[in-house]
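>>> how would this look folded up:
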Amino acid sequence: MSRTPPNPADEQHRCDVWNFKHPAGTRVALRKDDGTTQETVTESEAMLLGGHTAVIWLKNVSGAYALDRVRAIQP
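Numbering: from 1, shown residues only. Okay, the predicted model is just below:
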């Protein structure tokens, strides 16, 4: 079964909305690959990786994570 690739315009819109609401330094909860949750802060704005996937870089986390795995924590 093949997966439909993300639509770049939709992914860019997700980045734009995230960045409008959540500047770099926002506290977030990350859903990691093993299903656990880690609290951290964003180190960048959300952006497209490879021109097709919305990602964000996080403090003390190796590599970028897909934006759909990150949730802002309300202060």
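>>> ok, and the closest non-adjacent residue to the residue nearest the centre of the chain?
When the chain is reduced to its mean C-alpha position, the closest residue under Cα atoms, centre = their mean turns out to be residue 67, at 2.2 Å. Here the nearest residue to residue 67 in space, its sequence neighbours aside, is residue 54; by Cβ to Cβ, 6 or more residues apart in numbering that works out to 3.9 Å. Placement of C-beta: from N, CA and C, glycine included.
>>> if I pick the one you found, what's in contact with it?
Residue 54 makes contact with 6, 11, 12, 14, 15, 18, 46, 47, 48, 66, 67, 68, according to Cβ atoms under 8 Å, 6 or more residues apart in numbering.
>>> Which ones among those map onto helices?
11, 12, 14, 15, 18 (DSSP state H).
>>> What residues of stretch 68-75 count as buried?
By neighbour count with 16 or more other Cβ atoms under 10 Å, stretch 68-75 contains the buried residues 69, 70.
>>> Stretch 51-61 now?
Across stretch 51-61, burial judged by 16+ other Cβ under 10 Å covers 53, 54, 55, 56, 57, 58, 61.
>>> swap in stretch 36-53?
For stretch 36-53, a neighbour-count test (16+ other Cβ under 10 Å) marks 40, 42, 46, 47, 48, 53 as buried.
>>> Restricted to strands, list these.
Among these, the members falling in strands (DSSP state E) are 40, 47, 48, 53.
>>> Ignoring the adjacent residues along the chain, who's closest to the second one?
Here the nearest residue to residue 47 in space, its sequence neighbours aside, is residue 15; by Cβ to Cβ, 6+ apart that works out to 5.9 Å.
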